[in-house]
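**Student:** how would this look folded up:
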Amino acid sequence: MRFQDLLAYKKSFSLAMRIFEITKTFPKEETYSLTDQIRRSSRSVPVTIAESYRKRIYPKHFHSKLTDSDGENSETLVWLDFAFACKYISQTIHQELTSESLEIGKLINYMILNPEKFGVKKE
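**Tutor:** Numbers count the residues shown, from 1 in each chain. The predicted structure follows:
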């Protein structure tokens, strides 16, 4: 299996792309703060999922990278809250993106709790 086939990867990549498209409408003065930060954190989620999967022969690295991914996912949630509070996104969009992010968090958690299902050997 390739990391691109992982459901957590697919959903987090899709969310990062949605965020990219939505942030194109953010004000120019947010370019180096909110826009840049939410794009970076959302993109880090699938990137670190891919890294974890490639390091699955090392159980501690697998776990570490997945917890990094979960942290980036949580950071993305905070940036979404800022975007909503600043009125850059509607409540509907905020709820949709938050729901997607929470689902991704559950998928990452499943991977953390069930490493053997992803080819990780017990130590």
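**Student:** going forward, measure contacts and count neighbours with C-alpha atoms only.
**Tutor:** Will do.
**Student:** gap between the residue nearest the centre of the chain and residue 104?
**Tutor:** Closest residue to the average C-alpha location of the chain: residue 45 at 3.3 Å, with CA atoms, centre = their mean. In this structure, residue 45 lies at 9 Å from residue 104, with CA to CA, to the nearest Å as the measure.
**Student:** next one: residue 41
**Tutor:** Here the distance between residue 41 and residue 104 works out to 13 Å (CA to CA).
**Student:** swap in residue 93?
**Tutor:** Using CA to CA, we find residue 93 at a distance of 17 Å from residue 104.
**Student:** which of the two has more neighbours?
**Tutor:** Shown here are residue 93 and residue 104; by other CA atoms under 10 Å, residue 104 has more neighbours (24 against 14).
**Student:** the one helix or strand residue 80 maps to - what's its average pLDDT?
**Tutor:** Under the assignment given by DSSP states H and E, the secondary-structure element containing residue 80 is helix 59-85. In this model, helix 59-85 has a mean pLDDT of 98.
**Student:** got it, and stretch 37-50?
**Tutor:** In this model, stretch 37-50 has a mean pLDDT of 98.
**Student:** in it, what's buried?
**Tutor:** Residues of stretch 37-50 classed as buried by neighbour count (16 or more other CA atoms under 10 Å): 37-50.
**Student:** filter these down to the ones in strands?
**Tutor:** When these are checked against strands using DSSP state E, none is located there.
**Student:** could I get those residues as a markdown table with distance to residue 88?
**Tutor:** Rendered in a markdown table, the data for the buried residues of stretch 37-50 read as follows (distance: CA to CA, whole Å):
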| residue | distance to residue 88 |
| --- | --- |
| 37 | 15 |
| 38 | 13 |
| 39 | 14 |
| 40 | 18 |
| 41 | 18 |
| 42 | 17 |
| 43 | 20 |
| 44 | 22 |
| 45 | 22 |
| 46 | 24 |
| 47 | 26 |
| 48 | 27 |
| 49 | 28 |
| 50 | 30 |
